[in-house]
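Mind folding the following:
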Amino acid sequence: GVVVADSEPAARRGAKAVKVDYEELPAVISIDDAIAAGSFYEQYGNSLATGDLEAGFAAADHVLEGTIRLGGQEHFYLEPNGCIVLPTEDDEYTLISSTQAPNKHQMYVANTLGVPMHKLVCKTKRIGGGFGGKETRSIFMHCAAAVPAYHLRRPVKAILDRDEDMQMTGTRHPFMATYKVGFTKEGRVTALDMHLYSNAGNSWDLSSAVMDRALMHADCVYKFPAQRVTGHLCRTNIASNTAFRGFGGPQGLIAAEMVMERVARHLGFSALDVRQRHLYREGDVTHFGMVMEGCQVVPCWEGALEAAGGWEQRRAAADAFNAEHRWRKRGLAITPTKFGIAFTKLTYNQGGALVHVYTDGTALVTHGGVEMGQGLHTKMAQVAAHELGVPVSSVFIAETSTDKVPNASPTAGSASTDLYGMAVMDACRQLNERLKPYRAQAAEKGWSFAHMATQAYMDRVDLSAHGFYATPDITGFGGARPFNYFVFGSAVSEVELDVLTGDWQLLRSDIVMDVGNPINPAIDIGQIEGGFVQGMGWLCLEEMIWGDKAHPWVKPGHLFTKGPGTYKIPTANDIPVDFRVKLLQNTPNPRAVHSSKAIGEPPFHLGSSVFFALKDAVYAAREAAGITGWFALDAPATPEKLRMACGDELAAPYVADKEEGWQPLMSC
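Here you go, the predicted model:
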């Protein structure tokens, strides 16, 4: 039910007066719970494989098995989910929506009310952050607000408080990976068999597509002669988990990185050397059958090492510091990334735009993408201005609206600049073709663009055009080209860890990113910095705590971390003291608008360089405590986990098993 009132306080009082009778049943909260109960979405059964696993393991000198656990992540957008439903006349409705997917909200609300989609318009001027959390998980509240608007014939507004949003709308999917890896004594992986388990929550939502992308990124940037990766969606009783920047890709990428790190430690080799000998090269084929074209893995890798001032020098300096300090340790790590650009659902790889030219020489552009702080509207204005030959100040981007550009794909997957940029370009080129005779006259007579547009209007030339673009030559999941192209990058990070507290400082990060020929380098650098820090937050700071078997002190089934008091995102104090970003030069991308590349999600995984730098610092602390060999460190690597992993005599009484974790004597 829905309680509506003339004010929020009155509505909340009414909601509190509702009494609900229910029966408590056994709950499935975690991935472990789901596996024990056999609770899965059985209709999902995708896997990917290449090479001969049996032969690969037979050829291996060493075979290791292990388990990796990755926590969820709250989107924590500045603006919580919200909407206004405005009924007008003749069963018409306008949705003012904070969403990344106006078309989906239009469709579901229309279906809920039983009205045709052409009578319901969803408008989004801009949203205060999304990160994937406003693609599907805001639909239910739009439908809930639409029902009383339908019956009362009055506008209805619904805005979630932060704690409500965090409890109801889901997070990044927590993952667990089990693996079996075979490798030679020289450090060459011969076979890798992985099973990925995600906590999907209480509904299907986008979990299958998230897992598909995780499966396709479980190689990171490494060429394995034999690999199999199988996905499993766990059905649990928590809020349905959903899209989040990277959309499953980071979970697959970090799993591969953790395996490579363990192989190196087992052999006593440098993790850098083991990773380096497996890097993809031009023409290699991935485990899902896609050929590496325009492969920039090695240039980004070598560029990051060079930008960092040379690995040997930085390694020697960190080792020297560690030798002199017992209770402060420095760690150093490099991680690469490879991120595929395109929706894995083939249908979504399309975009539309509407461009009007007015007689004063200005242009109005409407496209299907949503501006959420990523700079999409700015790039679209640049594309239109470049194509029409006018200043950017003469181009205005109107709000996203389903009555201007219908059936738009969600603003997600880092694909919006590619899709809508090409659609805007298509519309502008139609207009340029119509204006061609007038441009010739303008060149001769010195006309302004406004004069040219006015003359065309006087001659009854259509100054409005609809542009459209569908990404060519891609197959979706299961085909040989699920992605339009890849984005590459590498990052080197150095941290300093306080062994006594687990607190740490990120001293320096150097990033080299392949962005093609960027439309707006300043925006791209901002996205790289933001993605890196958000990825670091997921792996090193942000911890979702539910009332489950691992947290018996939390009320069963309840989310404990439902606000900024208990859930910690990165702040200004957590960003690198020395933060350097370099864009790879002379790498045009022929498969996207103006030879650019997508940039929203690809940098996210580079935050894992901080995770591995922290683990490197813990290795130094353990060595000082007389402990050698590999140890498991799951994500997020919170200060508590880091402190106890150091394994010194102060922590020893609290450590249950040096490889499996630690148990506190008490909790408060």
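
How much space separates D426 from Q350?
The gap separating D426 from Q350 is 12 Å, by C-beta to C-beta, to the nearest Å. (C-beta placed from N, C-alpha, C; glycine too.)

Overlap of the contact sets of these two?
Taking C-beta atoms under 8 Å, 6 or more residues apart in numbering as the contact rule, D426 and Q350 both touch F468, Y469.

Now do the same for the residue minimising distance to the centre of the chain: its pLDDT.
Taking C-alpha atoms, centre = their mean, the centroid of the chain lies closest to R245, which sits 1.5 Å from it. Per-residue pLDDT puts R245 at 98.

So what's the residue count around D284?
14 (other C-beta atoms under 10 Å).

Now for Y420: which residues touch it?
Contacts of Y420 (C-beta under 8 Å, 6+ apart): G351, G352, A353, H367, G368, G369, L376, M380, Y469.

Name the nearest of the residues you listed relative to N81.
The nearest member of the contacts of Y420 to N81, counting by C-beta to C-beta, is G369 at 19.1 Å.

Check whether that closest one really touches T411, as I assumed.
Yes. The criterion here is C-beta atoms under 8 Å, and G369 meets it with T411 at 4.8 Å.

Identify the contacts common to the two.
L376.

one step back: give me every residue that touches the residue nearest to the centre of the chain.
Under the criterion of C-beta under 8 Å, 6+ apart, the neighbours of R245 are F131, G132, G531, Q534, G600, E601, F604.

Which one of those is nearest to A27?
G132 (25.9 Å).

I'd assumed L364 was in contact with A398.
Yes. Using C-beta under 8 Å, A398 is in contact with L364, at 5.8 Å.

Look at L642 and say how many residues are nearby.
L642 has 24 neighbours, counted by other C-beta under 10 Å.

quick one, phi psi at it?
Main-chain torsions, L642, degrees, to the nearest 10: phi -60, psi -40.

which ones are touching it?
Per C-beta under 8 Å, 6+ apart, neighbours of L642: L497, G502, W504, L614, V618.

just to revisit the earlier point, which two among the contacts of R245 are spaced furthest apart?
G132 and G531 (12.6 Å).

Low-confidence regions, this structure specifically.
656-668 (pLDDT under 70).

Got the phi and psi for L606?
Here is the backbone geometry of L606 (degrees, to the nearest 10): phi -70, psi -20.

Distance of it relative to W301?
With distances taken as C-beta to C-beta, L606 is found 12 Å from W301.

just D32 next, same as before
Distance of D32 to W301, computed by C-beta to C-beta: 36 Å.

Of these two, which one has the most company?
Set side by side, D32 and W301 show more neighbours around W301, with 23 against 17, by other C-beta under 10 Å.

Go ahead and confirm that one touches I334.
Yes. Between W301 and I334 there is a contact at 7.5 Å, judged by C-beta under 8 Å.

Just list the residues touching Y222, thanks.
By C-beta under 8 Å, 6+ apart, the residues touching Y222 are V189, A256, M260, R275, H278, L279, Y280.

Next, the second one: phi, psi?
With angles defined as degrees, to the nearest 10, A256 shows backbone torsions of phi -60, psi -40.
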